[in-house]
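Participant: dropping the sequence and predicted coords here.
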Amino acid sequence: MDISQVLVDLSRSQFAFTAIFHFVFVPLTLGLSWILFIMEAAYLKTGKQVYKNMVKFWGKLFAINFAMGVVTGITMEFEFGLNWAYFSRFIGESFGTVLAIEGLTAFMTEATLFGLFFFTWGKVSKRTHLIITFFLALGTNLSIVNILVANSWMQHPVASFLDPHTMQMQLTSFVDIYMQELAQIRIGHVAFAGYVISAMFVVGISAWYLLRKRNTGFAMRSLAVGLGFGLTTSIFIFFLGDANGLAVDKYEPAKMAAIEGQWETQKPPAAWSVIAFPSQSKEKNYFEITIPWMLSLITGHNLNATVEGLKPIMAQNAQKIRDGLVALKALQNIRQGKATKADLAIFDPKNKATSIYRDNIGYAFILQQQVKDPFNATTTQIANASKQTIPLVWPAFYGFRVMLGCWSIVFLIMVITTILLLRRTLLNHRWLLWAALFAIPLPYIAAEAGWIIAEMGRQPWVVHGILPTSLGVSSLESWNIVVSLLFFALLYLALFIVELVIMFKVARKGPGSLGTGRYDNEEAH
């Protein structure tokens, strides 16, 4: 492995670490804000003090998590410029605009309403405060829209073209990047993942109070709200996940093939590999356990569907490399002032006939990194380069099964708990309350697995088909990344420990932390 590859791997590792850590906090705020709104609506409707106390107590946990989400998110903004300087410049006219909007609108709205939510109790009417809570939830959820629009554009760059003179991606339609199918589905999928996380969080902590036989009235109401919200959103996320899978199959076939561990294209009806051990070097799976017909039903909802295999995709990508070389040659001529009309036509976004060349220039960049003279590359060299155009299979393959397994367990727990709650026999099944408590981490694991699938399944691209990840990094010494990664690891570990201590302290005390004199183990303030 050369030094440049070490730099790329370190830069990717640092961003992956900070992103995964940041996403521990984001989902909880997405759903908990809506749960607060539901609880406060119940308070406005019934006038019962217990619902107001529920809003204030769960609001405390929301605030702690919100603060950590802000702190860990700021770091990622700086990483774009520090570790991914060329990438930042390359997408400055497209991706950068979306990120700027996120900072100026969603984040500022969220922060303002956060303050209003906590400091206007008793200063405005109940109805006005409920409206503030509604817009807090809306602002919190809007904070993911621009991020996911930008990320979806990286996965499937629409409404944009590469300007050979500035070497930047230029937008042709700002609206289209928001309206593209992949972005729309992923926004819903990530949002509802956060809703399930929040619901399991509320259900699990409420179950702990019931196990301790503390504040049972408060806990049962909180549990009921969490179950209602969680069961509904768990059903929705199933359909959103299915839609996301169909979109991935349509726009990112290599990622779908990796998720399903498909090296060859099966004849339909295709079998689904429940368990397998994919080998990247051998381009095959070992020890497969399959379910006949299931892959066709999952990916196409009919017995005639199948998933294109990675081997045929690599063969197609070999041709894309050849097409991309035409654009690469034209790019070099333009940059050197030797452009012909034919060269300029290749990068004319209005010229549909030449799109096959300019849209595949990234594949030529991959070959260029491996061969000194890409224009005289042999068939073998092109074939070897095509192997670098597909993602690692095992992270996507196992990530999907971990995500699906965690969701299934959470959904089953919520269904059984809801049934027993409606039958008024829940307290007789302590094993289920323990299961709900220990299931709190499961939707978190599912969400993180989902991000791993999305990002590792996109490799080797930072902008799919256009800019390889290896070309997006900054020109830094590797030790700079190592030092900063160690620093972030220690800092984030410290922050995580602090948050856990505070969250456990507040959660352990329960509504008694409000100091109302109404709950167990507290004195009125």
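Facilitator: Cool, got the structure.
Participant: can I assume Val124 is in contact with Phe117?
Facilitator: No - between Val124 and Phe117 there is no contact under C-beta atoms under 8 Å: 10.7 Å. In short, each C-beta sits where N, CA and C put it, glycine included.
Participant: the lowest-mean-pLDDT helix or strand in the chain - contacts with which helices or strands?
Facilitator: Using mean pLDDT, DSSP states H and E, the weakest-scoring helix or strand in the chain turns out to be helix 95-101, at a mean of 70. Applying 3 or more C-beta pairs under 8 Å, 6 or more residues apart in numbering; DSSP states H and E, one finds that helix 95-101 makes contact with helix 145-155.
Participant: quickly run through the sheet partners of the helix or strand just after the helix it packs on, with directions.
Facilitator: The first helix or strand that comes after helix 145-155 along the chain, using DSSP states H and E, is strand 160-163. Sheet pairing of strand 160-163 (DSSP bridges) gives strand 168-171 (antiparallel).
Participant: mind pulling up the pLDDT for the residue nearest to the spatial centre of the chain?
Facilitator: Geometric centre of the chain, nearest residue: Trp451, 4.1 Å, by C-alpha atoms, centre = their mean. pLDDT for Trp451: 91.
Participant: swap in Gly245?
Facilitator: At Gly245, the model reports a pLDDT of 91.
Participant: element containing it?
Facilitator: Gly245 is part of helix 216-251 when elements are defined by DSSP H and E.
Participant: list the buried ones in that helix?
Facilitator: Within helix 216-251, the residues scored as buried using 16 or more other C-beta atoms under 10 Å are 218-231, 233-234, 236-237, 240-241, 243-249, 251.
Participant: which neighbours do Val124 and Phe117 share?
Facilitator: The contact sets of Val124 and Phe117 overlap at Ile132 (C-beta atoms under 8 Å, 6 or more residues apart in numbering).
Participant: which other residues reach the next helix or strand along the chain from the helix holding Gly245?
Facilitator: Once the chain leaves helix 216-251, the next helix or strand it forms, by DSSP H and E, is helix 253-259. The contact list for helix 253-259 (C-beta under 8 Å, 6+ apart) reads 245, 248-249, 263, 299, 307-310, 313, 389-393, 396-397, 399-400, 453, 457-458.
Participant: just the buried ones from these?
Facilitator: Those of these that meet the buried threshold are 245, 248-249, 263, 299, 307-310, 313, 389-391, 393, 396-397, 399-400, 453, 457-458, by 16+ other C-beta under 10 Å.
Participant: so which of those are in strands?
Facilitator: Among the buried ones among the contacts of helix 253-259, DSSP state E puts none in strands.
Participant: show me those that map onto helices.
Facilitator: Gly245, Val248, Asp249, Thr299, Leu310, Ile313, Val393, Ala396, Phe397, Gly399, Phe400, Ile453 (DSSP state H).
Participant: and those residues, which two are the farthest apart?
Facilitator: Farthest-apart pair in those is Ile313 and Gly399; separation 19.2 Å (C-beta to C-beta).
Participant: show me what the longest helix along the chain packs onto, helices and strands only.
Facilitator: Counting residues, the longest helix found in the chain (DSSP H) is helix 3-46. Applying 3+ C-beta pairs under 8 Å, 6+ apart, one finds that helix 3-46 contacts helix 49-83, helix 126-142, helix 181-211, helix 216-251, helix 441-456, helix 478-509.
Participant: mean neighbour count, these: which tops it?
Facilitator: Most buried of the helices and strands packed on helix 3-46, by mean neighbour count (mean count of other C-beta atoms under 10 Å): helix 181-211, with a mean of 24.
Participant: mean confidence score for stretch 259-278?
Facilitator: Rounded mean pLDDT across stretch 259-278 is 94.
Participant: now do stretch 286-298
Facilitator: 93.
Participant: angle of the helix holding Gly245 against helix 3-46?
Facilitator: Helix 216-251 and helix 3-46 are oriented at 140 degrees to each other (axes from the mean of the first three to the mean of the last three C-alpha atoms, to 10 degrees).
Participant: run through the neighbouring helices and strands of helix 216-251.
Facilitator: In terms of contacts (3+ C-beta pairs under 8 Å, 6+ apart), helix 216-251 is packed against helix 3-46, helix 49-83, helix 181-211, helix 253-259, helix 294-300, helix 393-422.
Participant: quick check: domain ranges of this structure?
Facilitator: In terms of domains, the chain is parsed into 1-179+477-514, 204-250+392-456 (source: automatic domain parsing).
Participant: could I get those as TSV with distance to Lys282?
Facilitator: Below are these laid out as TSV (distance: least, C-beta to C-beta, whole Å):
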stretch	distance to Lys282
domain 1-179+477-514	21
domain 204-250+392-456	11
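Participant: do you know which of those domains lies nearest Arg335?
Facilitator: With C-beta to C-beta as the criterion, Arg335 lies closest to domain 1-179+477-514 of the domains of the chain, at 6.9 Å.
Participant: chain center to the closest one: distance?
Facilitator: Computed by C-alpha atoms, centre = their mean, to the nearest Å, the chain-centroid distance of domain 1-179+477-514 equals 11 Å.
Participant: try stretch 426-444
Facilitator: Distance of stretch 426-444 from its chain centroid, counting by C-alpha atoms, centre = their mean, is 26 Å.
Participant: name the residues of that stretch that are buried.
Facilitator: For stretch 426-444, burial by neighbour count (16+ other C-beta under 10 Å) applies to Leu426, Leu432, Leu433, Ala435, Ala436, Leu437, Ala439, Ile440, Leu442, Pro443, Tyr444.
Participant: next, give phi and psi for Phe438.
Facilitator: Main-chain dihedrals, Phe438, degrees, to the nearest 10: phi -80, psi -10.
Participant: what sits against the nearest residue to Gly73 once chain neighbours are set aside?
Facilitator: Counting by C-beta to C-beta, 6 or more residues apart in numbering, the nearest residue to Gly73 once its immediate chain neighbours are dropped is His22, at 5.3 Å. Contacts here follow C-beta under 8 Å, 6+ apart; on that basis His22 touches Gly69, Thr72, Gly73, Thr75, Met76.
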